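>>> for reference, the sequence and a predicted model appear below.
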Amino acid sequence: MVVLRSIVAATLLAAIPLAHAECLSDAQAVALYDAFVAKTPAVNPEGLNEADGACTRTKLNGLLALRYGAVVGYKAGLTNPAVQKRFNYDRPVWGVLYEGMLLTNGATVEASFGARPLYEADLLVRVKSEAINQAKTPAEVLEAIDQIIPLIELPDLMVQAPPKLNGPAISAINVGARMGVMGKPIELPPYRAERYAMLDALRDMVVVLSDDKGAELARGKGSDILGHPLNAVVWLAEALAKEGRAMKPGDLISLGSFSPLLPPKAGAGASVNYVGLPGAAPVSVTFK
């Protein structure tokens, strides 16, 4: 079955236009995909520059679509300086989110949901208007979204040696996108004064990650992501434009990590609270 899937995947790869010639080969991309599906650590992509990472991501995305279906949005990664320091890279990266990756609040998932499973406090926004692609400030982003959605992201670093990953390699593995648990959406307020208050609240909120017993595991602030979490969308719009892509209404955008990446433990769980963000309810996950 794996061999058949690999043959189909390799055939489809031949139809994917590539932006750069020096990325992983088709066979290497298929091996990366097969490892992802099997939840076994893949060989680290090494020696890639930014274009190589983007090219490899394009190949892997073509294969992930076979498993997960329609694209539902994008993931901005390495938007938190603490996470950049961990991977020795000073710029954000991005990946693609697929329909089959997103779960509902309170979901129960295997603790071994990936080869290198982790969890972190995150946040989604939903695109309302294509004007988001021209947004240059958090205020302009706020005008082009209609929901803010609590999120526990469940990334998978998926390689044999995660500490050796750098920015281009993280791009190559689609920024580790595997799953995420979404909380109750927060609708954007209709009045300008309330919207500006929401803008400040997003910057100043305290994001608290706790275990299933209520013990605090980590905390961060909204401003930990590029000074304001909506700056992640400003950056993403520019990055997507460079590759001929754009966000569209209905897309979900993951903004990045407000906490360290932690390994899940079977029989435990986690929740995230967004203290100071009006209308935000906790989001939780259980690991089995």
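Sure, I can see it.

>>> send the alpha carbons of stretch 112-131 over as CSV?
Extracted as CSV, the C-alpha positions of stretch 112-131 are listed here (Å, rounded to 0.1, in the frame of the first residue of the first chain):
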residue,chain,number,x,y,z
SER,A,112,2.0,9.8,19.7
PHE,A,113,0.1,11.7,16.9
GLY,A,114,3.3,12.3,15.0
ALA,A,115,7.0,11.2,14.8
ARG,A,116,8.0,14.2,16.9
PRO,A,117,4.7,15.4,18.5
LEU,A,118,4.5,18.6,20.4
TYR,A,119,1.9,21.1,21.5
GLU,A,120,1.8,24.9,22.0
ALA,A,121,-0.5,27.8,22.6
ASP,A,122,-1.5,29.5,19.4
LEU,A,123,-4.3,31.6,17.8
LEU,A,124,-6.2,31.6,14.5
VAL,A,125,-7.8,34.5,12.7
ARG,A,126,-10.4,34.1,9.9
VAL,A,127,-10.0,36.2,6.7
LYS,A,128,-13.0,38.3,5.8
SER,A,129,-11.7,40.3,2.9
GLU,A,130,-9.0,40.1,0.3
ALA,A,131,-7.9,43.5,1.5
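
>>> which parts of it count as buried, going by neighbours?
For stretch 112-131, a neighbour-count test (16 or more other Cβ atoms under 10 Å) marks 113-128 as buried. For glycine as for every other residue, the C-beta is placed from the backbone atoms N, C-alpha and C.

>>> show me the residues you listed that map onto strands.
Secondary structure assignment (DSSP state E) places 120-127 from the buried residues of stretch 112-131 within strands.

>>> in CSV: the residues you listed, plus distance to residue 83 and pLDDT.
Shown next, in CSV, are those (distance: Cβ to Cβ, whole Å; pLDDT from 0 to 100):
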residue, distance to residue 83, pLDDT
120, 9, 97
121, 12, 98
122, 11, 98
123, 14, 98
124, 17, 98
125, 19, 98
126, 23, 98
127, 24, 98
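
>>> does residue 36 really touch residue 42, like I thought?
Yes - when contacts are counted by Cβ atoms under 8 Å, residue 36 is listed as touching residue 42 (7.0 Å).

>>> enumerate the positions of the single longest strand found in the chain that are buried.
When the chain is parsed with DSSP E, its longest strand is strand 145-154. Using 16+ other Cβ under 10 Å as the test for burial, strand 145-154 gives 145, 148-154.

>>> repeat that for stretch 181-192.
For stretch 181-192, by 16+ other Cβ under 10 Å, it's 181-183, 185-186, 188.

>>> same check, this time on stretch 238-256
For stretch 238-256, the neighbour count (16+ other Cβ under 10 Å) marks 239, 245, 247, 251-256 as buried.

>>> go on, stretch 193-212?
Quick answer for stretch 193-212 (16+ other Cβ under 10 Å): 198-199, 201-203, 205, 207-210.

>>> and those, which two are furthest apart?
199 and 210 (26.2 Å; Cβ to Cβ).

>>> mind listing the strands for the stretch 1-150 of the chain?
Using DSSP state E, counting those that start in this stretch, the strands of the stretch 1-150 of the chain run over residues 71-77, 93-98, 102-104, 108-109, 120-127, 145-154.

>>> for those, give me a markdown table that also has distance to residue 139.
Formatted as a markdown table, the strands of the stretch 1-150 of the chain follow (distance: least, Cβ to Cβ, whole Å):
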| stretch | distance to residue 139 |
| --- | --- |
| strand 71-77 | 18 |
| strand 93-98 | 22 |
| strand 102-104 | 27 |
| strand 108-109 | 36 |
| strand 120-127 | 14 |
| strand 145-154 | 11 |
